[in-house]
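Asker: Let me see the structure of the following:
(chains A and B)
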2 protein chains.
Amino acid sequence: MVNLDKGKGSDGLFRRRPLILVTNDDGITSPGIRELTRALVKLGDVVVIAPAGEQSAVAHSITLDDPIRAKSWSFGEDLDHVRALAIDGTPCDCIKLALHQLLHRLPDLVVSGINRGSNTAINVIYSGTISAATESSIYGIDSIAVSLDAKEPDADYRPAAKYAGMIAQKVLRSHLPRGVLLSVNVPMIPEDEIKGIVVTRQARSRWQEGFLERIDPANRAYYWYRGTLNILDEGADTDIHVLENGYVSITPLQHDRTAYGCLEVLSTWSWKESPI
Amino acid sequence: MVNLDKGKGSDGLFRRRPLILVTNDDGITSPGIRELTRALVKLGDVVVIAPAGEQSAVAHSITLDDPIRAKSWSFGEDLDHVRALAIDGTPCDCIKLALHQLLHRLPDLVVSGINRGSNTAINVIYSGTISAATESSIYGIDSIAVSLDAKEPDADYRPAAKYAGMIAQKVLRSHLPRGVLLSVNVPMIPEDEIKGIVVTRQARSRWQEGFLERIDPANRAYYWYRGTLNILDEGADTDIHVLENGYVSITPLQHDRTAYGCLEVLSTWSWKESPI
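Answerer: Below you'll find the predicted structure:
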């Protein structure tokens, strides 16, 4: 049985120091989660419960029809003492399993990331990194998703980890409004060139897909996804604008998707006629 | 090559009748999508592009690293003339592939469903049915997700299909506000007992998970997901309340998740101190 709150005489420790749960969608072996963990151990007791393999673009998927396994994991080096589990599931599975099975108490903070690649604009909806933090926010836990605007595999996650630590510290002190999480995006520039932090909204955007069609030996078509992000928004207050101009963007997100602004107008539609 | 707008001399047909794209997350073989299609062929030219197999709880997942296949499908019987494709991907994949590869023009309406089981409250976030309609709404297409509050496999989808047809007709005429889709939930009661339609918001709720732990022959733990939905909301204007009281609920949803109400207060936090 895996139970992270037991053993090592750590009972009582959590009463003094905040308990921080770390996860991601790139998988527990990714450099982003390692640097994030390194930054957060300064702030509290860190437990890492993250997917065993890459789970990008899985959004808010959960595993219902298969069992989920959890295996012990060690980061080694200076993080050898951090308790960690690799889960063969989605980021949301990790949060659900952590909160309801593996941890003895709810964490004070969940931080998801550091994602390889930004999660701005419409990408919020596809991101497993953000979905993990969304899931914990549903349970009233302060939650942060952190993404680095990097493409290359050997990107330096240390500046992003520093900002993640600073923002985590602030959230631990001040707490977020109910039902709200933060999505943090860090530009891929040297630390001393980062100009500061700006609170932003999601830029309006959509992917312009252009599937590649291929034909298999039996002459049947199949398709490879590829796309380009079209920004439909010229606002200076958007996540994308701010990130491109060298700032860290913080976008507050909510999990309630009700379009409150439309409730009134839709109620005025006549819904009384008979079904066809 | 699969191209649904070609052949059968249908060119020009779409200029006169609306083009309606139908998808779901239960798979193209499910009874819900068949009844939905049957209701919608009265309103326009229907094309069905839906997952080959069940894709429940996949949320907004997309397939990036594998190719996607599309196979011709026939509903047979009275729906033999409806052009249909089974996709080995997620509901979102279906929408993306349809809009950007398979259809010659954007549809006038997308209807996703009829889902087996309601999609109310926090379940909006996990639902593949709603994600499909969300995806098309991003492209400015009027979009509706329809779910029946049914558990049994032999549920009667006809009343829900009638309401879906009526609501679709209204949306084709009046159009939805930009960036907004409708999530329709129909109660599992005889048609003449349905009291009407109410515009609602998502009820505040969360799943109370209770994973089942099992031990494999090698003495390793694994976990089965199970949970109970806890409603944290006593409002009479919620999707769940209305559905339980015998009404069809219509919840307008948005894909922008920015918590606009928090932008101001978060901007007042001091973000200027150095990272730790």
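Asker: how about the strands in chain A?
Answerer: A:19-23, A:45-51, A:68-73, A:83-87, A:109-116, A:142-148, A:180-186, A:197-199, A:205-209, A:212-215, A:221-224, A:227-231, A:248-254 (DSSP state E).
Asker: who does the shortest one touch, helix- and strand-wise?
Answerer: Packing partners of strand A:197-199 (3 or more C-beta pairs under 8 Å, 6 or more residues apart in numbering or on different chains; DSSP states H and E): strand A:248-254, helix B:260-267. Where you see a C-beta, it was placed from the backbone N, CA and C, and this is true even at glycine.
Asker: which of the ones you listed sits most buried?
Answerer: Mean neighbour counts were taken over the helices and strands packed on strand A:197-199 using mean count of other C-beta atoms under 10 Å in any protein chain shown, and the top value, a mean of 25, falls to strand A:248-254.
Asker: So what's the model's average confidence on that strand?
Answerer: When pLDDT is averaged along strand A:248-254, the result is 97.
Asker: Quick check: end-to-end length of stretch A:106-123?
Answerer: Start-to-end span of stretch A:106-123 (C-alpha to C-alpha, to the nearest Å) is 28 Å.
Asker: mind listing what's buried in it?
Answerer: Neighbour counts using 16 or more other C-beta atoms under 10 Å in any protein chain shown place A:107-123 of stretch A:106-123 among the buried residues.
Asker: do the same with stretch A:20-30
Answerer: A:20-28, A:30.
Asker: re the thing from before, in TSV: the strands of chain A, plus distance to A:D239.
Answerer: Formatted as TSV, these follow (distance: least, C-beta to C-beta, whole Å):
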stretch	distance to A:D239
strand A:19-23	21
strand A:45-51	24
strand A:68-73	32
strand A:83-87	29
strand A:109-116	13
strand A:142-148	10
strand A:180-186	6
strand A:197-199	9
strand A:205-209	10
strand A:212-215	29
strand A:221-224	28
strand A:227-231	11
strand A:248-254	4
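Asker: can you tell which of the ones you listed is closest to B:A70?
Answerer: Evaluated over those, closeness to B:A70 peaks at strand A:221-224, with 6.8 Å, by C-beta to C-beta.
Asker: could you say what helices and strands the closest one packs with?
Answerer: strand A:212-215, strand B:68-73.
Asker: In the shortest one, which residues are buried?
Answerer: What that stands for is strand A:212-215. For strand A:212-215, burial by neighbour count (16+ other C-beta under 10 Å) applies to no residue.
Asker: Out of the helices and strands packed on strand A:197-199, which gets nearest to A:Y225?
Answerer: When these are compared by C-beta to C-beta, strand A:248-254 sits nearest A:Y225, at 24.7 Å.
Asker: If you count contacts, what does that closest one end up packed against?
Answerer: Under the contact definition 3+ C-beta pairs under 8 Å, 6+ apart, strand A:248-254 sits against strand A:180-186, strand A:197-199, helix A:239-244, helix B:260-267.
Asker: ok, and what's touching the third one?
Answerer: In this case it means helix A:239-244. With contact meaning C-beta atoms under 8 Å, 6 or more residues apart in numbering or on different chains, helix A:239-244 is reached by A:118, A:120-121, A:149, A:183, A:185-187, A:198, A:200-203, A:205, A:231, A:233, A:235-236, A:248-249, A:251.
Asker: Among those, name the buried ones.
Answerer: Buried, going by 16+ other C-beta under 10 Å: A:118, A:120-121, A:149, A:183, A:185-187, A:198, A:200-203, A:205, A:231, A:233, A:248-249, A:251, out of these.
Asker: what's around the residue nearest to A:R206 when sequence neighbours are not counted, how many residues?
Answerer: In this structure, A:R206 finds its nearest non-sequential neighbour in B:I138, 5.0 Å apart by C-beta to C-beta, 6 or more residues apart in numbering or on different chains. Applying other C-beta atoms under 10 Å in any protein chain shown, we find 21 residues neighbouring B:I138.
Asker: Repeat that for A:E152.
Answerer: By other C-beta under 10 Å, 8 other residues sit near A:E152.
Asker: same deal with A:A168?
Answerer: Neighbours around A:A168, by other C-beta under 10 Å: 28.
Asker: okay, it: pLDDT?
Answerer: pLDDT, A:A168: 97.
Asker: Could you do A:K151 as well?
Answerer: A:K151 is assigned a predicted lDDT (pLDDT) of 86.
Asker: Could you tell me how far it is located from chain B?
Answerer: For A:K151, the distance to chain B equals 14 Å [C-beta to the nearest C-beta, to the nearest Å].
Asker: got a list of what that residue touches?
Answerer: A:116-117, A:188.
Asker: can you check A:T90 too?
Answerer: Shown in contact with A:T90 (C-beta under 8 Å, 6+ apart): A:25, A:51, A:55, A:58, A:61-63, A:128, A:131.
Asker: Out of those, who's the most crowded?
Answerer: For the contacts of A:T90, neighbours tallied by other C-beta under 10 Å; top is A:D25, 32 neighbours.
Asker: shouldn't that residue be in contact with A:T129?
Answerer: Yes - at 4.7 Å, A:D25 and A:T129 qualify as touching, with contact defined as C-beta atoms under 8 Å.
Asker: From start to finish, how long is stretch A:138-146 in a straight line?
Answerer: Stretch A:138-146: ends 18 Å apart by C-alpha to C-alpha.
Asker: Would the biggest helix by length in chain A count as contacting chain B?
Answerer: The longest helix of chain A (DSSP state H) is helix A:158-174. Yes - using C-beta under 8 Å from any C-beta of the partner chain, helix A:158-174 reaches chain B at A:159, A:162-163, A:165-166, A:169-170, A:174.
Asker: for the stretch 151-276 of chain A, which spans come out with low pLDDT?
Answerer: Residue ranges of the stretch 151-276 of chain A with pLDDT under 70: A:272-276.
Asker: go with 80
Answerer: Low-confidence segments of the stretch 151-276 of chain A (pLDDT under 80): A:271-276.
Asker: what residues does the stretch 1-150 of chain A put near chain B?
Answerer: A:1-2, A:39, A:42, A:56-64, A:67-70, A:92-93, A:96-97, A:99-101, A:122, A:124-126, A:131, A:134, A:138-139.
Asker: Just the ones of those residues in helices?
Answerer: Here DSSP H is the test, and these give A:39, A:92-93, A:96-97, A:131, A:134, A:138 as lying in helices.
Asker: quick one: which of these is nearest to B:F211?
Answerer: Taking C-beta to C-beta as the measure, B:F211 lies nearest A:L97 of those, at 6.3 Å.
Asker: What average pLDDT does stretch A:23-37 get?
Answerer: For stretch A:23-37, mean pLDDT rounds to 96.
Asker: What's the end-to-end length of it?
Answerer: This stretch, stretch A:23-37, spans 9 Å end to end (C-alpha to C-alpha).
Asker: Same question for stretch A:48-61.
Answerer: 20 Å.
Asker: same thing with stretch A:139-159?
Answerer: Separation of the first and last residues of stretch A:139-159 by C-alpha to C-alpha is 30 Å.
Asker: Which residues belonging to it are considered buried?
Answerer: Buried-residue list, stretch A:139-159, by 16+ other C-beta under 10 Å: A:139, A:141-150, A:155, A:157, A:159.
Asker: Now do the shared contacts for A:D25 and A:T129.
Answerer: Here A:D25 and A:T129 share the contacting residues A:91, A:112, A:115, scored by C-beta under 8 Å, 6+ apart.
Asker: How many residues are close by the residue lying closest to A:H255 once chain neighbours are set aside?
Answerer: The shortest distance from A:H255 to any non-neighbouring residue, by C-beta to C-beta, 6+ apart, is to A:T134 (5.1 Å). The local packing of A:T134 (other C-beta under 10 Å) involves 28 other residues.
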